[in-house]
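Engineer: Here's my sequence, what's the structure:
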Amino acid sequence: MAGPFRVALSGDFRKPDGMPTYPDFDLTPLRSAPGVEALFLDVADPLRAEQLEEIDALILLTHRFTAESVPRSGRLAVVARFGVGYDTVDVDACTRAGIALVITPDGVRRPVAVSIITLMLALTGKLLVKDRLTREAAAGFAKRSEHMGMGLVGRTLGSLGIGNIGAEMFRMARPFDMTFIAHDPAADPAVAAELGIELVGLDDVFRRADILSVSCPLTPQTHHLVNADRIALMKPTAYLINTARGPIVDQAALTRALQARRIAGAGLDVLEQEPPDPDDPILKLDNAILTPHALCWTDQCFAGNGAADVRAVLEVQQGRVPRGVVNRAVLDASRWRERLAEFGRRFGAGP
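Structural biologist: Numbers count the residues shown, from 1 in each chain. Coordinates of the predicted model:
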């Protein structure tokens, strides 16, 4: 195979006028890399196979990559997701086709952990309520004592998951002098011990947490992991935070609990339906802080994600296994190994 290493970016990286959607994603290292040709795809969701027939690597933003997106040419070697969520990608289809799926844990670890801490402080400090009171002038000031916040010293911070983001959240929360608990069947005991996290059962994390954060991936096993029965275990003074994926939480059950003041409140950067229906009752609640799956979106987050994706595709071009491969089984496939070796011969020093 001759010619350049062709890297495509999904069409949502570019505005209709041709300007970049996210200028903080620096494409210079990609465009200046020897032997690389970078191009933008036409907007399509899900991506169409014919768009990718002559492509070696794909950097994917929000568009879906399904089984029908897999090109027949067999040329596509890697799909690099912009972020850590990959529920928009058919992982099994990638594995069957010998395509490595890569995510960017280093780019989102700190920004999403910051988002969790932001929601925790806003909820426990009654930030939005107090903002509203201030705007009511004297009438609002007169009601200050009715909206006392929750201090954090000695409170229990719980997490569903202590992977990349969950662990970073606990690192950042150390100065608050809280008790740390988590439920994670795949937890590394050494990481838990290092961070002072007590690993507990699923029901226990709901019962004991004063603030409970969802930091696990969306899978068939975690769909509606936070359901009516488990919400009913929570303290009436407790807060739920979800910055992971909306369907992990049964939103209808959570809405009912919030309406009944069964728990104190919730901070949600993700919803079951995005964007939500304008009549969704959760939008009318005063004990929920809602953000549009974008709380972690900062210049640094997008620069970090972009840099990680560029590194990943250039590693493949050089014949090396990139960081952040989700479907590790593909690395043992002869098809993948042969392609990687060929890239190494053409563009680099080999795997």
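Engineer: contacts and neighbour counts: CA atoms only from here.
Structural biologist: Fine.
Engineer: Enumerate the positions of stretch 298-312 that are buried.
Structural biologist: Buried residues in stretch 298-312, counted by 16 or more other CA atoms under 10 Å: 300-312.
Engineer: Equivalent analysis for stretch 9-18, please.
Structural biologist: L9, S10, G11, D12, F13, R14.
Engineer: Ok, stretch 331-344 next?
Structural biologist: L331, R335, W336, R337, R339, L340, A341, E342, F343, G344.
Engineer: cool, and stretch 258-278?
Structural biologist: L258, Q259, R262, I263, A264, G265, A266, G267, L268, D269, V270, L271.
Engineer: Who are the contact partners of the residue lying closest to E315 once chain neighbours are set aside?
Structural biologist: Closest residue to E315 apart from its sequence neighbours, by CA to CA, 6 or more residues apart in numbering: P322 at 5.5 Å. By CA atoms under 8 Å, 6 or more residues apart in numbering, the contact set of P322 is V102, R311, A312, V313, E315, V316.
Engineer: can you tell me the helix or strand for the fourth one?
Structural biologist: Looking back up the chat, that one is V313. In this structure, V313 sits in helix 299-317 according to DSSP states H and E.
Engineer: other SSEs contacting that helix?
Structural biologist: Packing partners of helix 299-317 (3 or more CA pairs under 8 Å, 6 or more residues apart in numbering; DSSP states H and E): helix 28-31, strand 78-81, helix 105-124, helix 334-347.
Engineer: Any idea which of the ones you listed gets closest to C296?
Structural biologist: Each of those has some distance to C296 by CA to CA; the shortest is helix 105-124, at 5.1 Å.
Engineer: contact partners of that closest one?
Structural biologist: For helix 105-124, the surrounding residues in contact (CA under 8 Å, 6+ apart) are 83-84, 127-128, 149-151, 164-166, 168-169, 172-173, 211, 213, 239, 241-243, 265-267, 289, 295-298, 301-306, 308, 324.
Engineer: same check, this time on stretch 136-148
Structural biologist: The contact list for stretch 136-148 (CA under 8 Å, 6+ apart) reads G125, K126, V129, K130, R132, L133, T134.
Engineer: Tell me the confidence at L160?
Structural biologist: Per-residue pLDDT puts L160 at 98.
Engineer: So it sits against S215, correct?
Structural biologist: Yes: if you go by CA atoms under 8 Å, L160 and S215 touch, sitting 5.5 Å apart.
Engineer: which residues pair with the nearest residue to A288 once chain neighbours are set aside across the strands?
Structural biologist: Using CA to CA, 6+ apart and skipping residues adjacent in sequence, the residue nearest A288 is A266, 4.8 Å away. When assigned by DSSP bridges, A266 has beta-bridge partners L240, A288.
Engineer: Surely A266 touches P236?
Structural biologist: No: with contacts counted by CA under 8 Å, A266 stays clear of P236, the gap being 11.8 Å.
Engineer: Okay, L240 and G35: tell me how far apart.
Structural biologist: Per CA to CA, to the nearest Å, L240 is found 49 Å from G35.
Engineer: So for those two, which sits in the more crowded spot?
Structural biologist: Taking other CA atoms under 10 Å, L240 and G35 do not tie; L240 has more neighbours (28 against 14).
Engineer: Helices along the protein, start to end?
Structural biologist: For the chain, the helices defined by DSSP state H cover 28-31, 91-96, 105-124, 127-135, 138-141, 164-173, 189-195, 202-208, 228-231, 251-259, 299-317, 334-347.
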